[in-house]
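> only the shape, not the letters, is given here:
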């Protein structure tokens, strides 16, 4: 593997609407991000990915872009964005924007022009087909429910394809003119000093053409999009061209949102000459998911969680780097999802952090994760903002669940869980805004907030700072960044442990249960590098782990 500038970095995701509001309008903004750069630097962050801030009608929280060359007034100005890039650079930090080019907004000028003249140049920027009542080109289901086909505004005899919200028409990547426009925009931002991009839903840019139906899995007669994507071939031609024309010349960082990569394709995606620098490892977030709906999902167990990570690491080998997460803006809070119900505490939050953070790959921290922010729990349906949660609530009702049961089911997966404002202090609105927050604040902000944890050396925040510092310590950096991942006691129930081996042998071990566990270590301990408890019960090679205790140990080598 060729060593790259980003390999030893720690990354952080910002959901801008909910990070920090500088002007009291209830919405987070770019000046708010600038004001917190020193906080992020102190946390040990090097790379900051910010979810979309482009002009948008916000049908899907900014992932419906109406202008790729500007900033939405809700977040500030283009000058604010240029200032953020400059201020980050002063601190040796890199800013990533979201690249959302599977689709745009129906309010983008391209789509408006396509509606004016479906047979003209811009009609070919999208998937527009003739329409007859009661007939569809195919039975694909949108990710947000319902058919991917919608009547074209102003043309009842035409319809357009949208894999996501109906206000997000898919761009036709088969058209070279579309690709040229995308590359031009990417280079425009990179020339401004942007560090790179996180690439949204990118596998969807390749459709299986001509259209065809797939087996239905619900009463609506529609098929899950994953069936089509598994059948579509040739996305690499688009991705390779994009890399050669944009990321490669700028030596920028690009991390892809890729859900269904095949093992043999990994070198193409993230090898030395791959399409991207990295892709997210979604093994743990995808485990147990069911196409029928959230009600049919299976909750992941500690043993399944462990096997997801070990399988991913074995699969990727020395090919490249995954980007490792426990949560993001599309997932529930990791501590509320992966830690068994009733076991949430500072110790279990720190254990979960240590187990993912020291895996081979680039660790991503999602805003608020570093203080252990939690899910909202069950909230009234009228308070839910997430369009996918509202859709799944109806799916639950259609499947025969009561309103109370449906609410409880969606409460676990509701994307609002991760989108509530960051809890900065115990003052009104958690210190996020002096106005009315755009989304409800988690009521537990009086107990879980940055201000309280910054002065507590035993806090979750303090633990995250210790982890970032340890990963960057010169003595251990080679091991944590490039060392092999070798599972230890892989079959042991509710124990997750692995070696990181290079010039050092470091053992990361976590007791994934509330009961004690005794472990015989493979060698004597040279140094205790990290511990989420005040002390450690260790006699020779015998280690007794308290409930949810996690330790990082340097082992003696022969």
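Yep, it's here. What you are looking at is a predicted structure, and each value in this text was computed from that prediction instead of being measured. Residues are numbered from 1 along each chain as shown.
> from here on, contacts and neighbour counts on C-alpha atoms
Noted.
> compute the number of surrounding residues for the residue nearest to residue 337 when sequence neighbours are not counted.
Leaving aside its chain neighbours, residue 337 sits nearest to residue 412 (7.2 Å; criterion: CA to CA, 6 or more residues apart in numbering). Applying other CA atoms under 10 Å, we find 21 residues neighbouring residue 412.
> in this structure residue 412 contacts residue 334, no?
No - counting by CA atoms under 8 Å, residue 412 stays clear of residue 334, with 10.5 Å between them.
> okay, which residue is most central for this protein?
With distances taken as CA atoms, centre = their mean, residue 328 lies nearest the centre of the chain, 3.9 Å away.
> distance of that residue from residue 188?
According to CA to CA, to the nearest Å, residue 328 stands 27 Å off from residue 188.
> and what of residue 286?
34 Å.
> show me the contacts for the residue nearest to residue 337.
Counting by CA atoms under 8 Å, 6 or more residues apart in numbering, residue 412 touches 332, 337, 375, 377.
> please report phi then psi for the third one.
Same thing as residue 375. Main-chain torsions, residue 375, degrees, to the nearest 10: phi -60, psi 160.
> residues near the residue nearest to it when sequence neighbours are not counted, how many?
Of all residues not flanking residue 375 in the chain, residue 417 sits nearest, at 4.8 Å (CA to CA, 6+ apart). Other residues lying near residue 417 total 27 when counted by other CA under 10 Å.
> and residue 274, by the same measure?
Residue 274 has 21 nearby residues by other CA under 10 Å.
> over to residue 227?
By other CA under 10 Å, 15 other residues sit near residue 227.
> backbone dihedrals for it, please?
phi -70, psi -40.
> now the closest residue to it other than its chain neighbours: how far from residue 208?
Closest residue in space to residue 227, ignoring its immediate chain neighbours: residue 214 at 6.9 Å, by CA to CA, 6+ apart. From residue 214 over to residue 208 the distance is 11 Å, taken as CA to CA.
> need the residues touching each of the two.
residue 228.
> follow-up on the earlier one: which stretch of helix or strand covers the residue nearest to residue 337?
If you go by DSSP states H and E, residue 412 is part of helix 403-413.
> ok, residue 463 - contacts?
Per CA under 8 Å, 6+ apart, neighbours of residue 463: 350, 532.
> pLDDT value on it, please?
At residue 463, the pLDDT value in this model is 98.
> one more: residue 217?
pLDDT, residue 217: 88.
> ok, the one 4 residues further on next?
Looking at residue 221, its pLDDT stands at 96.
> what's the answer for residue 134, then?
pLDDT at residue 134 comes out at 85.
> tell me the contacts of residue 553?
Counting by CA under 8 Å, 6+ apart, residue 553 touches 506, 507, 508, 525, 526, 527, 528, 529, 530.
> can I get those residues in JSON lines with secondary structure?
Conversion of the contacts of residue 553 to JSON lines gives the following (DSSP: H, G, I helix; E, B strand; the rest coil):
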{"residue": "506", "secondary structure": "strand"}
{"residue": "507", "secondary structure": "strand"}
{"residue": "508", "secondary structure": "strand"}
{"residue": "525", "secondary structure": "strand"}
{"residue": "526", "secondary structure": "strand"}
{"residue": "527", "secondary structure": "strand"}
{"residue": "528", "secondary structure": "strand"}
{"residue": "529", "secondary structure": "strand"}
{"residue": "530", "secondary structure": "strand"}
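> which pair in those spans the largest distance?
508 and 526 (13.5 Å; CA to CA).
> neighbour-wise, which of the two wins?
residue 508 (24 against 13).
> the more buried one reaches residue 495, doesn't it?
No - between residue 508 and residue 495 there is no contact under CA under 8 Å: 10.7 Å.
> pull the number of nearby residues for residue 515.
Counted by other CA under 10 Å, the residues lying close to residue 515 total 12.
> excluding covalently adjacent residues, which one is nearest to it?
Leaving aside its sequence neighbours, residue 515 sits nearest to residue 547 (CA to CA, 6+ apart; 4.9 Å).
> for that neighbour, what are its contacts?
With contacts defined as CA under 8 Å, 6+ apart, residue 547 is in contact with 511, 512, 513, 514, 515, 516, 517.
> which one (most neighbours) among those residues?
Neighbour counts for these (other CA under 10 Å) peak at residue 512, which has 29 neighbours.
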